[in-house]
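Colleague: Quick check, what structure comes out for this input:
(one chain, ligands or ions: 1)
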Amino acid sequence: MNVLVINCGSSSVKYQVLNPDKDELLCKGLIELSGDTSTFSYTRTGSEKMSKTVPLADHTAGVKMILETITDPEIGCISDIKEIGAVGHRMVHGGEDFAASVLVDEDVMKKCEINSELAPLHNPANIAGVRACQAVMPDVPMALVFDTAFHQTMEPEAYLYAIPYEYYEKFKVRKYGFHGTSHLFVSQEAAKVLGKKPEEVKIITCHIGNGGSCAAVEYGKCVDTSMGLTPLEGLIMGTRSGDLDPAVITFLMSKLNISAEEVLDILNKKSGLLGITGISNDMRFIDEAAAKGNDRACVALKMFARRVKGYIGNYLAQMNGADAIVFTAGVGENDAEMREMICKNMENLGIHFDAEKNAKKETVFSTDDSAVKLLLIPTNEELVIARDTARLAAEAVK
Ligand code: ADP
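Modeller: All right, here's what the predicted structure looks like:
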């Protein structure tokens, strides 16, 4: 079955058509919505990428254009829309309602709308994507795949914050965790590399991109993760601070005479690598600046690595060791120097880094005698979405 995977942002639509039975990507593309000057890009597997500026009023217009393009007699990747068996949507926040992917119905959508309160920047856009597809292809089954679902196996001692319990009961204030599809995918792939089943191994996954999080995956289940109620907690990211003393918020409010929302905006959008260096949120520019001796870039890299190391140490202690530590996403997959900064000097924990294998981007970049294996595994969140969607759609017609 071919699956159209849709990942909607407030002003963007990322899409792919995949056949999860064959792990095959048929096409992918991105729409950036901006009224009359929206951009539409499309790459059919094996062909050149095409991009154009087009007027697109909203998500629905964007989805219509995707369908026209993928079925176009000349450039399309399928010949008829009937070849799309199901649509899989990324939904960022499932709250406590969803511990697994689900087929779309109105009850499910109502719960997603309520959970928008927990992810006001993400869920409304994801919902707009579902509504747009329903308008254009009303008879095609659709599924939601949640960023939070994989982390729902955490125990209360991992997900509760040490604040009055009534705030959890009344407002569901707790750690949820994100990037779940990625942590699930790479932890399962890691088990394959180790020649074991996911239920037999303990894995620490480090998804380090522009956003980043670590997870402790014990015998196939997530037992802890670094992001929290929102994606602000945990690692240092491109523009997000990650962990900090919450008293910084009121201190800055009073010093700068600004509101809590304004401080939160600073912590989400002007902090992290960008905030420390004043250069960029993109690790490539920080690496460049550090190579030229820029002090703030050098300290930012050290801070970044130290935070990841800290979570690795935390999860090694929580799980009483691990079989492997996995690196994935933009920085984790591409930045050999950052992997080295994180993984070196942990020999006493059974982690033996191999510089040569790391530089060559080998899947296993620890030494042969390393008790804990270091793994480089590219993530594929769209494939997880397509697999879950195809499975749910097939079950529905049984
Ligand atoms: P997200 O999905 O969170 O937006 P990605 O996983 O695509 O992010 O990662 C994007 C980030 O990966 C970029 O911001 C950049 O910092 C980093 N990145 C990509 N390639 C490299 C590279 N060769 N070296 C260092 N960092 C890289």
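Colleague: Could you tell me what pLDDT the model assigned to residue 10?
Modeller: In this prediction, residue 10 carries a pLDDT score of 81.
Colleague: same question, residue 86
Modeller: Note on residue 86: pLDDT of 97.
Colleague: Name the helix or strand for it, please.
Modeller: Residue 86 is part of strand 84-91 when elements are defined by DSSP states H and E.
Colleague: separation between residue 175 and residue 131?
Modeller: Distance, residue 175 to residue 131, using Cβ to Cβ, to the nearest Å: 30 Å. Every residue, glycine included, has its C-beta placed from N, CA and C.
Colleague: Settle it for me: which of those two has more neighbours?
Modeller: Neighbours were counted for residue 175 and for residue 131 using other Cβ atoms under 10 Å; residue 175 has more, 20 against 15.
Colleague: touching the ligand at all, the lengthiest helix in the chain?
Modeller: The helix that spans the most residues within the chain, counting by DSSP state H, is helix 295-319. No. Using Cβ under 6 Å from any ligand atom, helix 295-319 stays clear of the ligand, with a minimum separation of 10.5 Å.
Colleague: What are the buried residues along that helix?
Modeller: 297-298, 300-301, 304-305, 307-309, 311-312, 315-316, 318-319 (16 or more other Cβ atoms under 10 Å).
Colleague: and residue 321, backbone torsions?
Modeller: Backbone torsions of residue 321, given as degrees, to the nearest 10, read phi 100, psi 170.
Colleague: Pretty sure residue 25 sits in a helix.
Modeller: No. Applying DSSP: H, G, I helix; E, B strand; the rest coil, one finds residue 25 to be strand, outside a helix.
Colleague: count of neighbours near it?
Modeller: 19.
Colleague: What pLDDT is listed against it?
Modeller: Among the per-residue scores, residue 25 shows a pLDDT of 98.
Colleague: same deal with residue 120?
Modeller: 86.
Colleague: try the one 10 residues further on
Modeller: Each residue has a pLDDT score; the one for residue 130 is 96.
Colleague: again, but for residue 393
Modeller: pLDDT, the model's per-residue confidence, is 96 for residue 393.
Colleague: which residues touch the spatially closest residue to it that is not a sequence neighbour?
Modeller: Nearest non-adjacent residue to residue 393, counting by Cβ to Cβ, 6 or more residues apart in numbering: residue 86, 3.7 Å away. Shown in contact with residue 86 (Cβ atoms under 8 Å, 6 or more residues apart in numbering): 1, 3-4, 140-143, 389-390, 392-393.
Colleague: list the contacts for the residue nearest the centre of the chain?
Modeller: Centrality entry for the chain: nearest residue to the mean C-alpha point is residue 179, 3.3 Å, by Cα atoms, centre = their mean. Applying Cβ under 8 Å, 6+ apart to residue 179 gives the contacts 147, 207, 211, 213, 215, 227, 329.
Colleague: Relative to the ligand, how far out is the third one?
Modeller: Between residue 211 and the ligand the distance, using Cβ to the nearest ligand atom, to the nearest Å, works out to 4 Å.
Colleague: Which stretches in the stretch 151-300 of the chain count as strands?
Modeller: Listed in chain order, the strands of the stretch 151-300 of the chain (DSSP state E, counting those that start in this stretch) span 202-208, 212-218, 221-225.
Colleague: could you give the angle of the first one to strand 221-225?
Modeller: Okay, so that is strand 202-208. On the basis of axes from the mean of the first three to the mean of the last three Cα atoms, to 10 degrees, strand 202-208 is oriented at 50 degrees to strand 221-225.
Colleague: shaky segments in this structure?
Modeller: Scanning the chain for pLDDT under 70 picks out no residues.
Colleague: Which positions in it make contact with the ligand?
Modeller: So far as Cβ under 6 Å from any ligand atom goes, the chain lies against the ligand at 209-211, 238, 282-284, 287, 329-331, 334-335.
Colleague: What about these, which are in helices?
Modeller: Mapping these onto helices (DSSP H) picks out 283-284, 287, 329-331, 334.
Colleague: Identify the residue nearest residue 276 in space, chain neighbours excluded?
Modeller: Leaving aside its sequence neighbours, residue 276 sits nearest to residue 300 (Cβ to Cβ, 6+ apart; 4.2 Å).
Colleague: sorry, back to before: tell me the one of the ones in helices among the residues of the chain next to the ligand nearest the ligand?
Modeller: Nearest to the ligand among those is residue 330, at 2.0 Å by Cβ to the nearest ligand atom.
Colleague: All set now, cheers.
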